[in-house]
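A.B. asks: The sequence and its predicted three-dimensional model are supplied below.
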Amino acid sequence: MEKIKVLFVCMGNICRSPTAEGVFAKLLQNQQLEAFFSIDSAGTHAYHVGEEPDPRSQKAARERGVDLSNIRARKVVFGDFEDFDFVLAMDDKNFQTLISACPEDHHHKVYKFLDFAPEQPLREVPDPYYGGSYGFERVLDLVEAASEGLLENLRQQGKIPSSNTNY
């Protein structure tokens, strides 16, 4: 069985994308779907390569039962576009950066993560780095909704089994 490979991408890979990776990993675990996926996160810039997620991201995630402590920042590399089935940008700027770097035959893999949460009024996961704790909570709310939406989309396509387990 070939795994579905998902890459979550923000700018520095210390706030939004590691949060999305952690939330999605927990969702997969709760629904016993880990065997169907390979997931990772990365940044479009190399500002924080090798660093842990922002302590505020870790704290907010931990309060919701999500552990980010084993994630380390890395930069998106050219091979990611071939290796991953979904390259999920957190916002417009990172989406454009990814599309600009992506070979045209892989453009169909690049999405805005919130495209999978159409019920959300926002179309971008806002960067919480320069704000207060509310921003980190908002990121969690948005990535939880988009994670659920991504799984539902894959279920509807028949790529993963149906599940009655809720997050």
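C.D. replies: Nice, I can see it.
A.B. asks: which regions of the chain sit below the pLDDT cut-off?
C.D. replies: 163-167 (pLDDT under 70).
A.B. asks: Do a quick rundown of the strands in it.
C.D. replies: Here the chain has its strands, by DSSP state E, at 4-10, 37-43, 86-89, 110-112.
A.B. asks: Could you export those to TSV, including columns for mean neighbour count?
C.D. replies: Where C-beta positions appear, they are placed from N, C-alpha and C, glycine not excepted. Below are the strands of the chain laid out as TSV (neighbours: other Cβ atoms under 10 Å):
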stretch	mean neighbour count
strand 4-10	24
strand 37-43	21
strand 86-89	26
strand 110-112	19
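A.B. asks: Which residues are in contact with L98?
C.D. replies: The neighbours of L98, taking Cβ atoms under 8 Å, 6 or more residues apart in numbering as the test, are 9, 44, 76, 87, 89, 110.
A.B. asks: looking at the strands of the chain, which is closest to E104?
C.D. replies: Ranking those by proximity to E104 (Cβ to Cβ) places strand 110-112 first, at 10.9 Å.
A.B. asks: tell me the two of the contacts of L98 that are most distant?
C.D. replies: Largest separation among the contacts of L98 by Cβ to Cβ: T44 and V110, giving 11.5 Å.
A.B. asks: Packing partners of the longest helix anywhere in the chain?
C.D. replies: Secondary structure assigned by DSSP state H gives helix 133-156 as the longest helix of the chain. Other helices and strands packing on helix 133-156, by 3 or more Cβ pairs under 8 Å, 6 or more residues apart in numbering; DSSP states H and E, are helix 16-30, helix 55-62, strand 86-89.
A.B. asks: thinking T44 is in contact with M11, fair?
C.D. replies: Yes. Contact criterion Cβ atoms under 8 Å: T44 and M11 qualify, at 5.6 Å.
A.B. asks: any shared contact partners between the two?
C.D. replies: Jointly contacting T44 and M11 under the rule Cβ under 8 Å, 6+ apart are N94.
A.B. asks: quick revisit: out of the contacts of L98, who's nearest A117?
C.D. replies: A89 (13.6 Å).
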